[in-house]
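In: Predicted model and sequence follow; I will ask about them next.
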Amino acid sequence: MDLETPLRPLLSNLGLDLYDLEMISGTLTITVTKDGGVDLESLTKANRVIGEWLDANDPFPNRYTLDVSSPGLERRLRTPAHFLTTVGEVVTLRELRKDLPTRRLEGTVLRCDETTVTLNDAESGEVTVAISDVERARTVFKWGPEAKPSPSKATSGKSGKKG
């Protein structure tokens, strides 16, 4: 069943966008985004509205668990649409290669289209990978600026006393 079509307008009414939707092992995971980030109140409202719609329309014959969340700082990349939003960002991915070991790449996405993603890998340089060969991928969040020395440990060569 196509759940994206009815869920997109429900989420849009809450100021949210549907980022991803996946059913795995009885869990329907719906990932939402919003400019400026998704807060707990938005997730709570989305969970309630989606849950009510699912109860009224009963799209699944068996029991399931609903999980509504934001993609987080390091968002998972599964679809061409996901990769298209990452140009200029650092991503890490595992590429499945025929008759060769799986390759792990990490670098800035240079370009992307519906079938391939090209990134500047630190070790391999510019690499183009078919999205269909990506086993898993995610964006990489870099935590803050480089650590600066503490003022108490910095040495200036002056005693600091006047006199």
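Out: Structure received.
In: So for the strand ranked longest in the chain, mean pLDDT?
Out: If you go by DSSP state E, the chain has its longest strand at strand 100-112. The average of the pLDDT scores along strand 100-112 is 94.
In: ok, the helix or strand just after it: who's next to it in the sheet?
Out: Next along the chain after strand 100-112, taking DSSP states H and E as the criterion, comes strand 116-121. Next to strand 116-121 in the sheet, as set by DSSP bridges, lie strand 100-112 (antiparallel), strand 125-130 (antiparallel).
In: so Thr115 touches Thr128, yeah?
Out: No: in this structure, Thr115 is not within contact of Thr128 by CB atoms under 8 Å, at 10.0 Å. Every residue, glycine included, has its C-beta placed from N, CA and C.
In: Show me what whichever helix in the chain runs longest is packed against.
Out: When the chain is parsed with DSSP state H, its longest helix is helix 40-57. Applying 3 or more CB pairs under 8 Å, 6 or more residues apart in numbering; DSSP states H and E, we find helix 40-57 packed against helix 4-12, strand 27-33, strand 65-69.
In: residues in contact with that helix?
Out: 6-7, 10-11, 13-16, 28, 30, 32, 34, 60, 66, 68-70 (CB atoms under 8 Å, 6 or more residues apart in numbering).
In: Only whichever of the residues you listed are buried, select them in PyMOL.
Out: Applying 16 or more other CB atoms under 10 Å to these, the buried members can be selected in PyMOL as follows:
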select buried, resi 7+11+14+16+28+30+32+34+68+70
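In: Quick check: phi and psi on Thr139?
Out: With angles defined as degrees, to the nearest 10, Thr139 sits at phi -80, psi 160.
In: picking that back up, using JSON lines, lay out the strands paired with strand 116-121 together with mean neighbour count.
Out: Output for the strands paired with strand 116-121, formatted as JSON lines (neighbours: other CB atoms under 10 Å):
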{"stretch": "strand 100-112", "mean neighbour count": "15"}
{"stretch": "strand 125-130", "mean neighbour count": "14"}
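In: Make TSV out of those and add distance to His82.
Out: Shown next, in TSV, are these (distance: least, CB to CB, whole Å):
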stretch	distance to His82
strand 100-112	10
strand 125-130	14
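In: any idea how far Ser70 is from Asp39?
Out: 9 Å (CB to CB, to the nearest Å).
In: Next one: Val134 from Val38, what distance?
Out: From Val134 to Val38 the distance is 25 Å (CB to CB).
In: repeat for Ala137
Out: Ala137 sits 21 Å away from Val38, going by CB to CB.
In: Then Leu93?
Out: Following CB to CB, the distance that separates Leu93 from Val38 is 24 Å.
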